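# got a sequence here, can you build the structure:
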Amino acid sequence: MNLLNLLSARAEPIRCAVLGCGKFATMFLSQARRLPNLHVAAVADLSAERARVALMEAGYPAEGIGSPSLQRAVAEGTTYVTEQSGDLLGASGIDVVVEATGDPLAATEHAAAAIDGGQHVVMVSVEADVLVGPLLAQRAGRNGVVYSMAYGDQPALISELVDWARIVGLDVVAAGKGTKYLPEYHSSTPETVWDHYGFTVAYAREARLNAAMFNSFLDGTKSAIEMAAVANATGLVPPEDGLRFPPAGVDDLAAVCIPEAAGGALPHSGTVEVVSSLHRDGSEVARDLRWGVYVTVQAPSDYVARCFAEYGLSTDASGRFTTMYRPYHLIGLELTVSVVSAALRGEPTGTPAYLTADVVATAKRDLTAGDELDGEGGFTVFGMLTTAAASRASQLLPIGLARGARVLRPAPRGTPLSWADVEVPGDSLARRLRTELLQRSE
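Prediction:
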């Protein structure tokens, strides 16, 4: 990749700002400080104390935290801490903005302002990416900067595997990741989530674990969001009726993650799918891919299929399908790849180019008129993956705009909600861009 040589040879350090100090950002901070010529000049969080704690946990010396101004931090190599993200967007001296707030509305505002201010954006908040990412990427292109997916997070790693397969001339059948899944998880709430993870409430509180975030992973919303991001970056077409989560270990991927017509579990070729680390009876899958990512490919000729066999690749019974996988991902620990690639090469580590997929708000329980939706990871809805075409045709409500919406008419459990079913309060840049994106895609 040669990124480290390029970074070491740079005359001036790459200066970045981090927005949002959760686990992902803290992991990034811990590694960024170890690289030559990469300077985290500023960190913004709704709580300045939380930002300071994150920096300390990541190993930053106390004397370098809390510079009196951004200008001083840039000049002295220290870190400015603020509760006002706007102080950093478009600010002189910041080359790259890492958006890690996890809030799709705020993330959209932050990314647009940074792009308009001539800064590269690494979008950790995948929720914003699947909502309006293609427009943010186009906006970045017009401004001569990069809008990038976050390397280390699964969507960027999956997109990299897809790119690898295509550039070596293989046909991509499916791409995705593993997770822990059972059908009943779709009903999980922040009150029940810790039982599924085997944590006590006291442990979760002591470890500062976010119940809504963990619940989003469990109830299928995050999986849907991540697969939508992959689809929109690669052009793969998701299943219209949601992810199937077939159980599969790494030795089974080539037989499971292929179309039904070929003996597999998928509705069609060229799609995304998440495999479960649990069988439907709750027993564990052998050699599961819970923490990893994969791409399934098909040999385009008898000769290539013979090569698969000669080099020991695990295949399906026909010998024509095989899978490459990575068993783990390190999320924020790997994010420096995106920051350095954007600043030095002007290249994203994945970026949305299509509106192929959408994640729609789906009733987690029977909803009645007057209920207020609490959005991702909450008590009322979960996110279901579908095609952008199906979402547009039925005017379905994206999960990223669900929080705070008021239900206008009853919606039985499992029903995807449409705009006609709810009243979404207020206005936001994300909502306006979403409308524009749909109009452009018609």
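# all strands of the stretch 1-150 of the chain, in order?
Along the stretch 1-150 of the chain, the segments classed as strands by DSSP state E, counting those that start in this stretch run 14-19, 38-44, 80-82, 96-99, 120-123, 147-149.
# okay, now the sheet partners of the fifth one, with direction.
Taking DSSP bridges as the criterion, strand 120-123 sits next to strand 96-99 (parallel), strand 147-149 (parallel) in its sheet.
# same thing with the longest one?
Taking DSSP bridges as the criterion, strand 38-44 forms sheet pairs with strand 14-19 (parallel), strand 80-82 (parallel).
# quick one on the thing from earlier: would you format the strands paired with strand 120-123 as CSV with mean pLDDT and mean neighbour count included?
For the C-beta atoms, the positions are set from N, CA and C on the backbone; glycine is no exception. Formatted as CSV, the strands paired with strand 120-123 follow (pLDDT from 0 to 100; neighbours: other CB atoms under 10 Å):
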stretch, mean pLDDT, mean neighbour count
strand 96-99, 98, 29
strand 147-149, 98, 28
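# still on that earlier bit, reformat the strands of the stretch 1-150 of the chain as a markdown table; add distance to residue 109.
Converted to a markdown table, the strands of the stretch 1-150 of the chain look like this (distance: least, CB to CB, whole Å):
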| stretch | distance to residue 109 |
| --- | --- |
| strand 14-19 | 10 |
| strand 38-44 | 13 |
| strand 80-82 | 16 |
| strand 96-99 | 10 |
| strand 120-123 | 12 |
| strand 147-149 | 14 |
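# right, and the ones you listed - which one's nearest residue 256?
Set against residue 256 and scored by CB to CB, those come closest in strand 147-149, at 25.9 Å.
# what is the burial count for residue 242?
For residue 242, the neighbour count with other CB atoms under 10 Å is 19.
# gap between it and residue 358?
Residue 242 is 11 Å from residue 358, where distance means CB to CB, to the nearest Å.
# for residue 358, which non-adjacent residue is spatially closest?
Of all residues not flanking residue 358 in the chain, residue 391 sits nearest, at 3.8 Å (CB to CB, 6 or more residues apart in numbering).
# one step back: need the residues touching each of residue 242 and residue 358.
Jointly contacting residue 242 and residue 358 under the rule CB atoms under 8 Å, 6 or more residues apart in numbering are 385, 386.
# least confident secondary structure element in the protein?
Least confident helix or strand of the chain, by mean pLDDT, DSSP states H and E, is helix 201-206 with a mean of 85.
# and the next helix or strand past it?
Using DSSP states H and E, the helix or strand that follows helix 201-206 in sequence is helix 211-218.
# can I get that next one as CSV, trimmed to CA atoms?
Extracted as CSV, the C-alpha positions of helix 211-218 are listed here (Å, rounded to 0.1, in the frame of the first residue of the first chain):
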residue,chain,number,x,y,z
ALA,A,211,-27.8,0.0,25.2
ALA,A,212,-29.4,1.5,22.1
MET,A,213,-26.2,1.0,20.1
PHE,A,214,-25.8,-2.6,21.1
ASN,A,215,-29.5,-3.2,20.5
SER,A,216,-29.1,-1.9,17.0
PHE,A,217,-26.5,-4.6,16.3
LEU,A,218,-28.7,-7.2,17.8
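# circling back to that earlier point, how distant is the least confident helix or strand of the chain from the center of its chain?
Distance of helix 201-206 from the chain centroid (CA atoms, centre = their mean, to the nearest Å) equals 26 Å.
# what comes up buried for that helix?
Buried positions in helix 201-206, judged by neighbour count with 16 or more other CB atoms under 10 Å: residue 204.
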